[in-house]
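> dropping a prediction and its sequence here:
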Protein chains: 2
Amino acid sequence: MYAFDVSPRLLLRPSSKKLARLAEQYKALGDPTRLGLILKVASCSEDAACICELTPDTNLAQSTVSHHMKVLVDAGLLIRTQRGKWAFFALTEDATTLLHNFL
Amino acid sequence: MYAFDVSPRLLLRPSSKKLARLAEQYKALGDPTRLGLILKVASCSEDAACICELTPDTNLAQSTVSHHMKVLVDAGLLIRTQRGKWAFFALTEDATTLLHNFL
DNA sequence: AGCATACATTGACAACCATCGATTTGAGAA
DNA sequence: TTCTCAAATCGATGGTTGTCAATGTATGCT
(Lines give C-alpha, C1' and ligand atoms only; values in the text may rest on other atoms or scores of the structure.)
Protein backbone atom coordinates (compact mmCIF):
# COMPACT_ATOMS: atom_id res chain seq x y z
CA MET A 1 0.00 0.00 0.00
CA TYR A 2 2.76 2.41 0.88
CA ALA A 3 4.95 3.70 -1.89
CA PHE A 4 8.03 2.08 -0.41
CA ASP A 5 9.01 -1.46 0.30
CA VAL A 6 10.24 -1.77 3.81
CA SER A 7 11.62 -5.18 4.52
CA PRO A 8 14.37 -5.42 1.91
CA ARG A 9 16.13 -2.25 2.92
CA LEU A 10 15.45 -2.19 6.60
CA LEU A 11 17.01 -5.30 8.02
CA LEU A 12 15.16 -4.36 11.15
CA ARG A 13 13.77 -7.62 12.34
CA PRO A 14 12.36 -7.72 15.84
CA SER A 15 14.96 -8.01 18.53
CA SER A 16 17.70 -6.95 16.17
CA LYS A 17 20.44 -4.73 17.48
CA LYS A 18 19.76 -2.16 14.81
CA LEU A 19 16.20 -1.81 15.97
CA ALA A 20 17.31 -1.27 19.55
CA ARG A 21 19.91 1.26 18.48
CA LEU A 22 17.45 3.18 16.35
CA ALA A 23 14.96 3.18 19.20
CA GLU A 24 17.67 4.55 21.47
CA GLN A 25 18.29 7.38 19.03
CA TYR A 26 14.62 8.24 18.75
CA LYS A 27 14.36 8.09 22.51
CA ALA A 28 17.20 10.56 22.82
CA LEU A 29 15.29 12.93 20.56
CA GLY A 30 12.09 12.31 22.50
CA ASP A 31 12.65 14.93 25.14
CA PRO A 32 11.84 18.59 24.41
CA THR A 33 14.99 19.80 26.11
CA ARG A 34 17.27 17.44 24.20
CA LEU A 35 15.48 18.07 20.92
CA GLY A 36 15.90 21.79 21.45
CA LEU A 37 19.57 21.33 22.26
CA ILE A 38 20.38 19.25 19.22
CA LEU A 39 18.46 21.59 16.94
CA LYS A 40 20.47 24.43 18.38
CA VAL A 41 23.64 22.56 17.55
CA ALA A 42 22.30 21.95 14.06
CA SER A 43 21.52 25.60 13.54
CA CYS A 44 24.90 26.75 14.78
CA SER A 45 26.79 28.60 12.10
CA GLU A 46 30.12 27.35 13.38
CA ASP A 47 31.46 23.86 12.86
CA ALA A 48 30.44 22.96 16.39
CA ALA A 49 28.50 24.47 19.25
CA CYS A 50 29.87 25.17 22.72
CA ILE A 51 27.79 23.87 25.55
CA CYS A 52 28.29 27.16 27.35
CA GLU A 53 26.20 28.85 24.69
CA LEU A 54 23.47 26.27 24.80
CA THR A 55 22.94 26.16 28.53
CA PRO A 56 21.51 29.63 29.28
CA ASP A 57 18.46 29.25 27.04
CA THR A 58 17.34 26.11 28.78
CA ASN A 59 16.86 27.57 32.25
CA LEU A 60 18.18 24.31 33.60
CA ALA A 61 21.03 23.49 35.93
CA GLN A 62 24.43 23.07 34.32
CA SER A 63 24.57 19.46 35.41
CA THR A 64 21.24 18.75 33.76
CA VAL A 65 22.36 20.10 30.41
CA SER A 66 25.58 18.15 30.70
CA HIS A 67 23.54 15.03 31.33
CA HIS A 68 21.36 15.62 28.28
CA MET A 69 24.38 16.15 26.07
CA LYS A 70 25.80 12.88 27.27
CA VAL A 71 22.58 11.09 26.36
CA LEU A 72 22.79 12.51 22.85
CA VAL A 73 26.43 11.53 22.56
CA ASP A 74 25.80 8.01 23.84
CA ALA A 75 23.01 7.63 21.31
CA GLY A 76 25.47 8.48 18.56
CA LEU A 77 23.76 11.72 17.59
CA LEU A 78 26.47 14.13 18.72
CA ILE A 79 30.21 14.03 18.91
CA ARG A 80 32.08 15.84 21.62
CA THR A 81 35.30 17.75 21.16
CA GLN A 82 37.33 19.34 23.90
CA ARG A 83 38.74 22.78 23.09
CA GLY A 84 40.65 24.11 26.00
CA LYS A 85 38.20 24.43 28.86
CA TRP A 86 35.21 24.21 26.59
CA ALA A 87 33.24 21.31 25.22
CA PHE A 88 31.99 21.55 21.66
CA PHE A 89 29.40 19.37 20.01
CA ALA A 90 28.61 18.58 16.40
CA LEU A 91 25.99 16.44 14.69
CA THR A 92 26.88 12.94 13.57
CA GLU A 93 25.76 11.46 10.29
CA ASP A 94 23.05 9.55 12.08
CA ALA A 95 21.68 12.79 13.46
CA THR A 96 21.61 14.54 10.10
CA THR A 97 19.84 11.50 8.68
CA LEU A 98 17.21 11.37 11.40
CA LEU A 99 16.62 15.11 11.43
CA HIS A 100 16.89 15.53 7.69
CA ASN A 101 13.21 16.28 7.27
CA PHE A 102 13.40 19.29 9.51
CA LEU A 103 16.67 20.78 8.39
CA MET B 1 28.81 24.61 8.60
CA TYR B 2 26.02 22.19 7.78
CA ALA B 3 24.62 22.17 4.28
CA PHE B 4 21.20 23.29 5.43
CA ASP B 5 19.89 26.34 7.13
CA VAL B 6 17.73 25.39 10.04
CA SER B 7 16.07 28.36 11.57
CA PRO B 8 14.06 29.65 8.63
CA ARG B 9 12.29 26.40 7.92
CA LEU B 10 11.97 24.97 11.36
CA LEU B 11 10.01 27.45 13.36
CA LEU B 12 11.01 25.35 16.31
CA ARG B 13 11.94 27.90 18.86
CA PRO B 14 12.34 26.69 22.41
CA SER B 15 9.10 26.09 24.23
CA SER B 16 7.15 26.05 21.02
CA LYS B 17 4.26 23.65 20.68
CA LYS B 18 5.74 22.17 17.55
CA LEU B 19 8.88 21.25 19.38
CA ALA B 20 6.90 19.51 22.10
CA ARG B 21 4.80 17.68 19.55
CA LEU B 22 7.84 16.54 17.60
CA ALA B 23 9.48 15.37 20.79
CA GLU B 24 6.34 13.42 21.62
CA GLN B 25 6.52 11.69 18.26
CA TYR B 26 10.19 10.83 18.65
CA LYS B 27 9.47 9.59 22.14
CA ALA B 28 6.76 7.33 20.80
CA LEU B 29 9.30 5.86 18.39
CA GLY B 30 11.87 5.58 21.15
CA ASP B 31 10.74 2.23 22.46
CA PRO B 32 11.90 -0.96 20.71
CA THR B 33 8.49 -2.56 20.97
CA ARG B 34 6.67 0.42 19.50
CA LEU B 35 9.28 0.93 16.80
CA GLY B 36 8.92 -2.71 15.85
CA LEU B 37 5.15 -2.39 15.80
CA ILE B 38 5.05 0.67 13.60
CA LEU B 39 7.62 -0.78 11.21
CA LYS B 40 5.46 -3.86 10.96
CA VAL B 41 2.51 -1.68 10.06
CA ALA B 42 4.66 0.08 7.49
CA SER B 43 5.75 -3.18 5.93
CA CYS B 44 2.23 -4.52 5.76
CA SER B 45 1.18 -5.24 2.21
CA GLU B 46 -2.44 -4.36 2.94
CA ASP B 47 -3.76 -0.86 3.38
CA ALA B 48 -3.75 -1.33 7.12
CA ALA B 49 -2.51 -3.84 9.68
CA CYS B 50 -4.68 -5.68 12.17
CA ILE B 51 -3.48 -5.55 15.73
CA CYS B 52 -4.27 -9.23 16.06
CA GLU B 53 -1.50 -9.98 13.60
CA LEU B 54 0.98 -7.70 15.31
CA THR B 55 0.55 -8.98 18.83
CA PRO B 56 1.93 -12.54 18.63
CA ASP B 57 5.42 -11.52 17.52
CA THR B 58 5.88 -9.24 20.48
CA ASN B 59 5.59 -11.88 23.20
CA LEU B 60 3.77 -9.28 25.23
CA ALA B 61 0.39 -9.25 26.88
CA GLN B 62 -2.53 -8.11 24.74
CA SER B 63 -3.14 -5.15 27.00
CA THR B 64 0.45 -4.04 26.62
CA VAL B 65 0.32 -4.05 22.85
CA SER B 66 -2.98 -2.18 22.96
CA HIS B 67 -1.34 0.41 25.17
CA HIS B 68 1.58 0.86 22.78
CA MET B 69 -0.74 1.29 19.82
CA LYS B 70 -2.59 3.99 21.70
CA VAL B 71 0.66 5.82 22.36
CA LEU B 72 1.44 5.77 18.64
CA VAL B 73 -2.06 6.96 17.79
CA ASP B 74 -1.96 9.75 20.36
CA ALA B 75 1.37 10.88 18.95
CA GLY B 76 -0.23 11.18 15.54
CA LEU B 77 1.83 8.43 13.96
CA LEU B 78 -0.95 5.90 13.41
CA ILE B 79 -4.64 6.11 12.64
CA ARG B 80 -7.05 3.52 13.93
CA THR B 81 -9.95 2.03 12.02
CA GLN B 82 -12.55 -0.35 13.38
CA ARG B 83 -13.49 -3.23 11.09
CA GLY B 84 -16.03 -5.45 12.72
CA LYS B 85 -14.41 -6.81 15.83
CA TRP B 86 -10.92 -5.95 14.69
CA ALA B 87 -8.81 -2.82 14.95
CA PHE B 88 -6.66 -1.84 11.99
CA PHE B 89 -3.85 0.67 11.94
CA ALA B 90 -2.20 2.67 9.19
CA LEU B 91 0.65 5.17 9.09
CA THR B 92 -0.07 8.88 9.11
CA GLU B 93 1.77 11.39 7.01
CA ASP B 94 3.84 12.40 10.00
CA ALA B 95 4.96 8.82 10.41
CA THR B 96 5.98 8.41 6.80
CA THR B 97 7.90 11.66 7.07
CA LEU B 98 9.72 10.68 10.24
CA LEU B 99 10.47 7.16 9.08
CA HIS B 100 11.20 8.13 5.51
CA ASN B 101 14.89 7.41 5.80
CA PHE B 102 14.29 3.79 6.69
CA LEU B 103 11.51 2.97 4.28
C1' DA C 1 51.78 26.44 43.37
C1' DG C 2 47.38 28.39 43.82
C1' DC C 3 43.15 29.93 41.95
C1' DA C 4 39.23 30.39 38.88
C1' DT C 5 36.54 28.58 35.23
C1' DA C 6 34.05 24.94 32.45
C1' DC C 7 32.23 20.82 32.58
C1' DA C 8 31.40 15.94 34.33
C1' DT C 9 29.98 12.88 37.95
C1' DT C 10 27.51 11.52 42.06
C1' DG C 11 23.56 10.85 45.03
C1' DA C 12 18.88 11.69 45.93
C1' DC C 13 14.08 12.17 44.82
C1' DA C 14 9.66 12.70 42.58
C1' DA C 15 7.49 11.74 38.28
C1' DC C 16 6.93 8.85 34.65
C1' DC C 17 6.71 4.38 32.05
C1' DA C 18 6.47 -0.55 30.41
C1' DT C 19 4.38 -4.42 31.81
C1' DC C 20 1.08 -7.54 33.70
C1' DG C 21 -3.52 -9.72 35.26
C1' DA C 22 -8.21 -8.65 35.76
C1' DT C 23 -12.11 -6.42 34.20
C1' DT C 24 -14.98 -3.93 30.92
C1' DT C 25 -16.56 -2.48 26.46
C1' DG C 26 -18.20 -3.39 21.93
C1' DA C 27 -19.31 -6.02 17.89
C1' DG C 28 -20.80 -10.12 15.45
C1' DA C 29 -23.07 -14.85 15.82
C1' DA C 30 -26.37 -18.19 17.63
C1' DT D 1 -31.10 -11.90 24.39
C1' DT D 2 -27.17 -14.51 25.28
C1' DC D 3 -22.70 -16.06 24.07
C1' DT D 4 -18.11 -15.41 22.19
C1' DC D 5 -14.28 -13.00 20.75
C1' DA D 6 -11.26 -8.72 19.95
C1' DA D 7 -9.65 -5.03 21.98
C1' DA D 8 -9.61 -1.21 25.46
C1' DT D 9 -9.34 0.20 30.18
C1' DC D 10 -8.12 -0.25 35.05
C1' DG D 11 -4.99 -0.90 39.10
C1' DA D 12 -0.74 -2.23 40.72
C1' DT D 13 4.28 -2.58 40.54
C1' DG D 14 9.14 -2.49 39.59
C1' DG D 15 12.23 -0.02 36.82
C1' DT D 16 13.59 4.24 34.44
C1' DT D 17 14.20 9.23 33.87
C1' DG D 18 14.61 14.36 34.41
C1' DT D 19 16.07 17.39 37.67
C1' DC D 20 18.79 19.44 41.25
C1' DA D 21 22.67 20.56 44.71
C1' DA D 22 27.06 19.12 45.90
C1' DT D 23 31.32 17.44 44.63
C1' DG D 24 35.05 16.03 41.46
C1' DT D 25 38.13 16.81 37.46
C1' DA D 26 40.74 19.15 34.25
C1' DT D 27 42.27 23.24 31.88
C1' DG D 28 44.15 27.87 31.72
C1' DC D 29 45.80 31.97 34.12
C1' DT D 30 48.59 34.56 37.57
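Nice, thanks for sending it over.

> residues contacting the strand or helix carrying residue A:64, please?
Assigned by DSSP states H and E, residue A:64 falls within helix A:62-74. With contacts defined as Cβ atoms under 8 Å, 6 or more residues apart in numbering or on different chains, helix A:62-74 is touched by A:28, A:31, A:33-34, A:37-38, A:51, A:54-55, A:58, A:78-80, A:87, A:89. Yep, even glycine has a C-beta here, placed from its N, CA and C like the rest.

> next, the buried residues of that helix.
By neighbour count on 16 or more other Cβ atoms under 10 Å in any protein chain shown, the buried set for helix A:62-74 is A:65, A:68, A:69, A:71, A:72.

> same thing with stretch A:17-24?
Result for stretch A:17-24 [16+ other Cβ under 10 Å]: buried residues A:19, A:22, A:23, A:24.

> what does stretch A:82-101 give?
By 16+ other Cβ under 10 Å, the buried positions in stretch A:82-101 come out as A:87, A:88, A:89, A:90, A:91, A:92, A:94, A:95, A:98, A:99.

> looking at those residues, point me to the pair that's furthest apart.
Using Cβ to Cβ, the buried residues of stretch A:82-101 span at most 22.2 Å, a distance reached by A:87 and A:98.

> start and end of stretch A:87-103, how far apart?
One end of stretch A:87-103 sits 24 Å from the other (Cα to Cα, to the nearest Å).

> and DNA strand D, is it touching that?
No. Using Cβ under 7 Å from any atom of the strand, stretch A:87-103 never reaches DNA strand D; the gap is at least 10.0 Å.

> any idea how far the most centrally placed residue in chain A is from DNA strand D?
Per Cα atoms, centre = their mean, the C-alpha nearest to the average position across chain A is that of residue A:77, at 3.5 Å. With distances taken as Cβ to the nearest atom of the strand, to the nearest Å, residue A:77 is found 14 Å from DNA strand D.

> ditto for residue A:19
16 Å.

> now do the phi/psi pair for that residue.
Dihedral angles phi and psi of residue A:19 (degrees, to the nearest 10) take the values phi -60, psi -50.

> my guess is residue A:20 meets residue B:30, correct?
No. Using Cβ atoms under 8 Å, residue A:20 is not in contact with residue B:30; the gap is 10.8 Å.

> how about residue A:80, what does it touch?
Taking Cβ under 8 Å, 6+ apart as the criterion, residue A:80 is in contact with A:69, A:73, A:87, A:88, A:89.

> go with 7 Å
Neighbouring residues of residue A:80 by Cβ atoms under 7 Å, 6 or more residues apart in numbering or on different chains: A:73, A:87, A:89.

> from those residues, which is closest to DNA strand D?
If you rank the contacts of residue A:80 by distance to DNA strand D using Cβ to the nearest atom of the strand, residue A:87 comes first, at 10.0 Å.

> go ahead and confirm that closest one touches residue A:49.
No. Residue A:87 lies out of contact with residue A:49 (Cβ atoms under 7 Å); the separation is 9.7 Å.

> now residue A:30: phi and psi?
With angles defined as degrees, to the nearest 10, residue A:30 sits at phi -90, psi 30.

> what sits against it?
Contact partners of residue A:30, counting by Cβ under 7 Å, 6+ apart, are B:23, B:26, B:27, B:30.

> could you find the closest non-adjacent residue to it?
The shortest distance from residue A:30 to any non-neighbouring residue, by Cβ to Cβ, 6 or more residues apart in numbering or on different chains, is to residue B:27 (2.9 Å).

> right, I'll leave it there.
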